[in-house]
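In: sharing a model prediction with you, sequence too.
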Amino acid sequence: MMDVETESTGTGTSVEETTENLCDNPTRDTLAEGLMGLLKPTVDRLDERVRATRISQLELKQELDSVLDELKKIAESQKSLPILDEYVKKLMVSKQKITIVSALLQNSQERLNKIHETVAKESARRRIILETEELASTSGVNKKKPKMTKLLMDTPILSHITQSDYLTVYEPAEDSYLMLDALEKEIDVIQELQPVVCLEVGSGSGINITAFSKVFPSCFCFCTDINRRACEITLATSKLNDTVIECINADLMKNIRPNSVDILIFNPPYVVTESLEIKSSKISRAWAGGIKGREVIDNFLKIVPDVLSEKGICYMLVIDENKPEEITNIMSDMLFDTTIVVKRKAWNEKLKVLKFSRNG
Ligand SMILES: C[S@@+](CC[C@H](N)C(=O)[O-])C[C@H]1O[C@@H](n2cnc3c(N)ncnc32)[C@H](O)[C@@H]1O
């Protein structure tokens with residue numbers, strides 16, 4: 001059965017994990033934002049005073065040091081004046097006390113600095129959440145039920161990939177971004193599933209698997225690509241974006257352990273072409289899908305039930321020429337439900353991201 005959900009929305013800036021469990025209580029967050037605002041000037045003032053006290057303590061210590069030196073000199077030259085010894089001793093005790101107070105003050109200042117930093121960071125983060133929320137409600141989105149902003153699938157940095165790399169590796173295009181939007185839309189569902197393993201087939205530049213790994217860093221993320229250079233680029237993308245991803249230069253899901261994958265992602269070569277083209281050694285292999293654009297897709301679908309875990313979900317991109325209704329039937333025969341997560345028209349292509357999950 002295929003349900004049409006909504007049109008996709010764009011991707012944006014991600015908010016750190018800690019924000020996620022704050023999202024469903026806007027009143028609390030508004031209060032917290034207010035408290036942060038109240039707290040910050042007090043911390044600032046306290047910080048300023050501790051700093052001023054420390055400076056005067058240091059000045060006092062320097063003064064005492066020089067008085068002490070003077071007294072020592074006098075005491076040495078006036079050995080007959082024992083009264084001075086008494087003062088020298090007292091001054092030394094005072095100096096020790098000042099040193100201890102100074103160390104305590106320094107410690108307090110360091111702790112204050114940390115509090116200061118945390119307050120500033122938290123205030124900035126909450127401001128972003130509240131501003132985004134405000135924007136959404138004033139623009140008519142979420143008017144009925146204001147919701148806090150949730151985690152977003154950021155587009156990874158791809159600045160290391162050159163135009164000459166794109167002669168051999170698929171350059172992210174509308175389809176790649178639609179897949180990101182689909183994953184972003186599904187973040188809550190995926191989170192609920194608590195995925196342990198995520199596999200992307202045909203990672204290309206690594207755009208999707210890297211974005212996924214950023215949002216789900218504790219999930220083991222790996223990918224395959226038939227193009228060796230794509231594997232190298234994916235690894236470089238992962239590194240640049242500070243994620244940990246394994247990449248295997250393999251055909252589809254060859255040798256993947258059965259029932260092991262919780263989230264499966266595939267933006268396949270879907271363009272209708274001659275059959276021969278899907279075996280090409282050129283860049284066309286990245287998009288050529290053979291008859292109905294379905295040759296690679298159909299080979300992939302056959303293995304989905306084997307590879308997916310019991311709770312596993314698969315997200316796959318198609319165009320209308322791939323006949324999504326037929327795909328729905330194929331999946332239904334294998335006891336899977338199909339829904340459309342997002343759809344978009346790009347030039348002459350009607351793109352959709354389908355979601356397959358076991359029925360019953
Ligand atoms: C349309 S591109 C998508 C790339 C990337 N995931 C994205 O969204 O930008 C398809 C990718 O699948 C890879 N591919 C094609 N046939 C494959 C196969 N049989 N097994 C694994 N990867 C394959 C291509 O090399 C290409 O990188």
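Out: Here it is on my side, so go on. Numbers count the residues shown, from 1 in each chain.
In: next up, the contacts around the residue nearest the centre of the chain.
Out: With distances taken as Cα atoms, centre = their mean, the residue of the chain nearest its centroid is Lys214 (3.6 Å). By Cβ atoms under 8 Å, 6 or more residues apart in numbering, the contact list for Lys214 reads Ser14, Met153, Asp154, Pro156, Asn241, Asp242, Thr243. C-beta coordinates here come from the backbone N, C-alpha and C atoms, glycine included.
In: please pick the buried ones from these.
Out: The neighbour-count test (16 or more other Cβ atoms under 10 Å) applied to those identifies Ser14, Met153, Asp154, Pro156, Asn241, Thr243 as buried.
In: what number of residues lie near the nearest residue to the last one once chain neighbours are set aside?
Out: Once its chain neighbours are removed from consideration, Thr243 has its nearest residue in Ser213; the separation is 4.0 Å (Cβ to Cβ, 6 or more residues apart in numbering). With neighbours defined by other Cβ atoms under 10 Å, the count for Ser213 comes to 25.
In: could you chop the chain up by domain?
Out: Per the record, the chain has its domains at 24-138, 165-358, by automatic domain parsing.
In: quick one: which helix or strand includes the residue of the stretch 51-200 of the chain found nearest the ligand?
Out: The ligand sits closest to Ser176 of the stretch 51-200 of the chain, with a gap of 3.3 Å, by Cβ to the nearest ligand atom. Element membership for Ser176, per DSSP states H and E: helix 174-185.
In: hmm, who's touching that helix?
Out: Defining contact as Cβ under 8 Å, 6+ apart, one finds that helix 174-185 is touched by 6, 8-11, 152-153, 155, 170, 190, 204-205, 207-208, 211-212, 265, 267, 270, 315, 317, 341-342, 344, 346-347, 349, 351, 353, 355.
In: ok, stretch 222-236 next?
Out: Outside of stretch 222-236, the residues within contact range by Cβ under 8 Å, 6+ apart are 160-161, 165, 168-170, 197-206, 209-210, 245-254, 256, 285-286.
In: what's the burial count for the residue nearest to Lys352 when sequence neighbours are not counted?
Out: Computed as Cβ to Cβ, 6+ apart, the closest residue to Lys352 that is not its neighbour in sequence is Lys343, at 4.4 Å. Around Lys343 there are 20 other residues, counting by other Cβ under 10 Å.
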